[in-house]
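In: Sequence and predicted structure are below.
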Amino acid sequence: MVRQLTYQEILSLTKAEARGATMKTGFLWHEYFAWHSNGVASGNVTAGGYVEPGMHFENPATKRRLRNLLEVTGILDELKVLPTRLATDEELLRVHDGDYLQKLKQMSDLGFGDAGEFTPLGKGSFEIARRAAGACIVAADAVLDRVVRNAYVLCRPPGHHAERARGRGFCLLANASIAVEHLRKVRGVKRIAMVDWDVHHGNGAQSIYYTDPDVLTISVHQDRLYPVESGSLEETGEGEGRGTCLNIPLPGGSGHEAYVATLARVVVPALEKFEPEIIIVPSGFDASALDPLGRQQASSDTYRAMTGLLMEAAERICQGRLLMTHEGGYSEAYVPWCGLAVMEELSGIRTEASDPFLDWVGSIGGHELKPHEDAVLSRAAALIKDIPSRETRK
């Protein structure tokens with residue numbers, strides 16, 4: 001077996017390579033990510049009885065097609081491809097309960113099981129999930145050390161629904177939170193912000209950091225989609241963590257203007273108030289107009305605009321330190337184009353490829369900011385005053 005380079009070896013090689021050159025955007029992917037199996041299903045229902053076998057919603061196609069589009073457009077050649085690695089037990093235990101991890105391993109060895117709620121797994125899934133978490137740690141180190149300008153981890157299985165002691169919503173391990181804890185415990189980072197724009201609520205990070213004053217969790221999601229019991233405006237953190245949880249539950253049917261206004265009027269001002277040292281984005285593309293599991297109307301231009309706003313904020317607040325970890329997105333046709341838009345924005349490279357769906361998606365009625373959407377943004381913006389600033393946390 002070929003020996004994997006250690007992170008320090010990667011760091012040394014990359015710094016030598018980058019002397020006198022502009023930093024590139026980091027990109028991480030491993031073929032094993034496509035080998036995680038959710039079993040035989042139709043949608044998210046296990047096949048059997050009257051349920052004819054089909055394809056699970058969370059399957060490799062969207063991720064692999066995104067990676068392939070990056071290759072054929074040529075942008076992949078311009079990125080800094082970083083190797084992945086398995087997260088260690090110590091790294092996982094900073095976030096997850098030991099009993100839960102043991103349960104995952106047992107089911108993975110057996111080749112079947114469910115980690116909690118809507119989270120089936122197959123043979124070897126636990127090791128693949130460890131690699132996804134480890135890839136997020138590698139990327140976090142690279143962004144922190146300025147080895148790369150910013151980074152995108154195209155990982156699978158996703159992670160933003162996973163809680164300390166159970167999997168939820170196709171997610172086994174809390175990938176982004178595991179990277180957060182590495183940055184805090186090993187690298188000494190004090191303040192971290194997470195901006196989750198998956199169409200489903202970022203319940204995992206919220207539950208993990210609900211009482212923590214040093215991690216700001218922001219979730220931009222469709223109201224009461226999944227999990228239906230979490231993600232309201234009223235959930236703002238408890239105890240020392242009061243004010244460090246900010247939910248923006250957008251009504252179903254929200255389009256381009258609503259999402260861009262959310263970033264400009266709520267997310268960016270919240271980040272400016274909190275002043276994190278790094279911004280981590282659990283990035284789902286299921287708020288697109290073509291996604292089967294969401295009812296929003298975002299386009300590739302929406303994701304491009306949101307990425308640009310976050311990059312500008314990161315430059316002002318934390319020296320551009322921005323990391324994205326892949327989450328949901330279930331349209332095989334459209335996830336690749338939304339992902340390409342994000343990668344073009346992160347890297348500053350525009351390819352010759354143009355989104356063939358954009359004119360159609362952009363012509364759908366409802367992209368304007370509507371009064372009931374504006375009302376949600378106004379209520380969310382009013383919560384920014386409760387976010388603890390760096391001065392108040394000293």
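Out: Perfect, thanks for sending it. Worth saying up front: this structure is predicted, and the values here are computed from it rather than measured.

In: rest of the way, CA atoms for contacts and neighbours
Out: OK.

In: buried set for stretch 43-57?
Out: Within stretch 43-57, the residues scored as buried using 16 or more other Cα atoms under 10 Å are 43-47, 53, 55-57.

In: and the most centrally placed residue in the chain, what element?
Out: Closest residue to the average C-alpha location of the chain: residue 282 at 1.6 Å, with Cα atoms, centre = their mean. For residue 282, the host element (DSSP states H and E) is strand 278-283.

In: ok, and what's touching that strand?
Out: With contacts defined as Cα atoms under 8 Å, 6 or more residues apart in numbering, strand 278-283 is touched by 144, 160, 176, 191-198, 314, 318, 320-328.

In: mind redoing it with 7 Å?
Out: With Cα atoms under 7 Å, 6 or more residues apart in numbering as the test, strand 278-283 has contacts from 160, 176, 192-198, 318, 321-327.

In: what's the answer for stretch 153-163, then?
Out: Identification of contacts with stretch 153-163 by Cα under 7 Å, 6+ apart yields 27-29, 33-34, 36, 63, 129, 132, 135-136, 167-175, 202-205, 207-208, 282, 324-328.

In: Mind checking which of those residues land in helices?
Out: Residues of the contacts of stretch 153-163 located in helices (DSSP state H): 63, 129, 132, 135-136, 175, 203-205, 207-208.

In: residues near the nearest residue in space to residue 114 that is not next to it in sequence, how many?
Out: Distances taken as Cα to Cα, 6 or more residues apart in numbering place residue 120 nearest to residue 114, at 4.2 Å, with adjacent residues excluded. Neighbours of residue 120 under the rule other Cα atoms under 10 Å: 28.

In: Test for you: state the pLDDT assigned to residue 120.
Out: On pLDDT, residue 120 comes in at 96.

In: With residue 393 instead?
Out: 71.

In: And the pLDDT at the nearest residue to residue 116 once chain neighbours are set aside?
Out: In this structure, residue 116 finds its nearest non-sequential neighbour in residue 167, 4.8 Å apart by Cα to Cα, 6+ apart. Residue 167 is assigned 98 on the pLDDT scale.

In: Would you mind finding the longest strand in this structure?
Out: Looking across the chain with DSSP state E, the single longest strand is strand 215-222.

In: and the next element down the chain from that one?
Out: Where DSSP H and E defines the elements, the next helix or strand beyond strand 215-222 is strand 245-250.

In: which residues in this structure form strands?
Out: Assigned by DSSP E, the strands in the chain fall at 25-28, 41-42, 45-46, 80-81, 116-117, 150-153, 167-168, 192-196, 215-222, 245-250, 278-283, 322-326.
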